[in-house]
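> okay, predicted coordinates and the sequence, questions at the end:
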Amino acid sequence: MDDRKAAEELTAEAARQAPMLAQAQVDLAMRQIELSNAQKDQTFAQAALEQGNATAQQAKSQAQSLRDAAAKLVADKDGVKDQLEALVATAAKLDKEVKDAAGSADLAAGSYIMAMSDYRKFQSELRDKIEPLNLDTSDPLQKIAKDERASALLMWSQSAANQQSGRVKLAAADALGAADIAARVAVQAKAAAKTDIPDAKAYRTQATETFTKAVQSAGFGTGIDVDKMKWIGKSLEATANYGLYLSTNSPRALDAALQARNDAATRNPLFGSAPGQQLSWIQKAQ
């Protein structure tokens, strides 16, 4: 009887513990599922890490290959370094040629100034000599003493010479400006070479000064005889102002060029703005 009672108590206790056991079994099953998921996540994370490492290594290898290729491109024969050195040499040669060409034009302009001075002196001395003679106004000597056409032509020739000098300097400024940009790009490419490009800005400033002189001398000349050929001066005034516009990008200079072109055309139809006419290339940008 004692044994039966003990068995009944154990059975009752087991019955009481059954729900707790079932809950523990459920919890165990959930933890096993979580463990399995965690193991899968770890596998995925490890695979992602390995993939990331492989990608990083590949990117590093590609970057090194690109650096090697870039270094080869810079340093190889006819590469960036050699081309930069050739560019610098060409710029130095251009600088010398520009100085020679512009110098010749500047000397020509100076010669016209001296010729103008000599002609004025001649006219003054001639007037002094003929004034006591009381010559008739139709006398050739009287006409020469008062004729301003030669003076105007000398000043206009000076304008043409100054414009030639200005165009050379402006072309040099544009070319050397482009060369300077190329040199700076080459330096960024780590081309270890000389990059001494002559100063493009200085040439542009000189061009502006020269075109300004050309504008001033082109506007010279008054009188009935001069007015008959004033289209020459007006056409030179138009081209001088247009050169000033190109060197300064000044809208005022462009307007002055267009006005002078139109003034030239009123005196000589060949200098109009229609296609094929002498100054038709002076136009506002479209």
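Now that the structure is in, tell me what you want to look at. Numbering: from 1, shown residues only.
> tally of neighbours for the closest residue to residue 277 other than its chain neighbours?
Distances taken as Cβ to Cβ, 6 or more residues apart in numbering place residue 270 nearest to residue 277, at 5.9 Å, with adjacent residues excluded. No exception for glycine: its C-beta is placed from N, CA and C like everyone else's. By the criterion of other Cβ atoms under 10 Å, residue 270 has 13 neighbours.
> surely residue 270 and residue 276 touch.
No: Residue 270 is beyond contact range of residue 276, at 9.5 Å (criterion: Cβ atoms under 8 Å).
> for the residue nearest to residue 277, phi and psi?
In terms of degrees, to the nearest 10, the main-chain angles of residue 270 are phi -70, psi -10.
> now swap in the one 5 residues further on and tell me
Recorded main-chain torsions at residue 275 are phi -50, psi 130, according to degrees, to the nearest 10.
> tell me which stretches of this protein form helices.
In the chain, the helices defined using DSSP state H lie at 2-75, 80-130, 140-146, 149-188, 200-218, 224-227, 230-248, 251-267.
> need the winner for burial among those helices.
Most buried of the helices of the chain, by mean neighbour count (mean count of other Cβ atoms under 10 Å): helix 230-248, with a mean of 24.
> by contact count, what packs against that one?
Of the remaining helices and strands, those touching helix 230-248 by 3 or more Cβ pairs under 8 Å, 6 or more residues apart in numbering; DSSP states H and E are helix 149-188, helix 200-218, helix 251-267.
> which one of those lies nearest to residue 111?
Residue 111 lies closest, by Cβ to Cβ, to one member of these: helix 149-188, at 8.1 Å.
> relative to helix 80-130, how tilted is that closest one?
In terms of direction (axes from the mean of the first three to the mean of the last three Cα atoms, to 10 degrees), helix 149-188 departs from helix 80-130 by 170 degrees.
> show me the shaky parts of the stretch 51-200 of the chain.
Within the stretch 51-200 of the chain, the segments meeting pLDDT under 70 span 52, 55-56, 59-88, 185-195.
> residue 92 - nearest residue in space that isn't next to it in sequence?
Per Cβ to Cβ, 6+ apart, closest to residue 92 is residue 198, 7.0 Å.
> my guess is the one you found contacts residue 175. True?
No: here residue 198 lies out of contact with residue 175, judged by Cβ under 8 Å, at a distance of 9.8 Å.
> now do the shared contacts for those two.
Listed as contacting both residue 198 and residue 175 by Cβ atoms under 8 Å, 6 or more residues apart in numbering are 91, 94.
> distance check, residue 141 against residue 127.
9 Å (Cβ to Cβ, to the nearest Å).
> wait, I meant residue 43
Distance from residue 43 to residue 127, by Cβ to Cβ: 113 Å.
> contact partners of stretch 115-132?
Residues outside stretch 115-132 that contact it (Cβ under 8 Å, 6+ apart): 139, 141, 142, 144, 145, 150, 151, 154, 155, 158.
> nearest to residue 237 among those?
Of all the contacts of stretch 115-132, residue 237 sits closest to residue 155, with 11.1 Å by Cβ to Cβ.
> quick one, what contacts the closest one?
Counting by Cβ under 8 Å, 6+ apart, residue 155 makes contact with 112, 116, 217, 218, 220, 221, 233.
> just the CA coordinates for stretch 278-286, please, in CSV.
C-alpha atoms of stretch 278-286 as CSV (Å, rounded to 0.1, in the frame of the first residue of the first chain):
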residue,chain,number,x,y,z
GLN,A,278,35.7,94.1,-97.6
LEU,A,279,34.6,94.4,-94.0
SER,A,280,31.7,91.9,-93.9
TRP,A,281,33.7,89.8,-91.4
ILE,A,282,33.2,92.4,-88.7
GLN,A,283,30.0,91.2,-87.1
LYS,A,284,28.4,90.8,-83.7
ALA,A,285,28.5,87.2,-82.4
GLN,A,286,25.4,85.3,-83.2
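> buried sites along that stretch?
278, 279, 282 (16 or more other Cβ atoms under 10 Å).
> closest to residue 243 out of the residues you listed?
residue 282 (10.3 Å).
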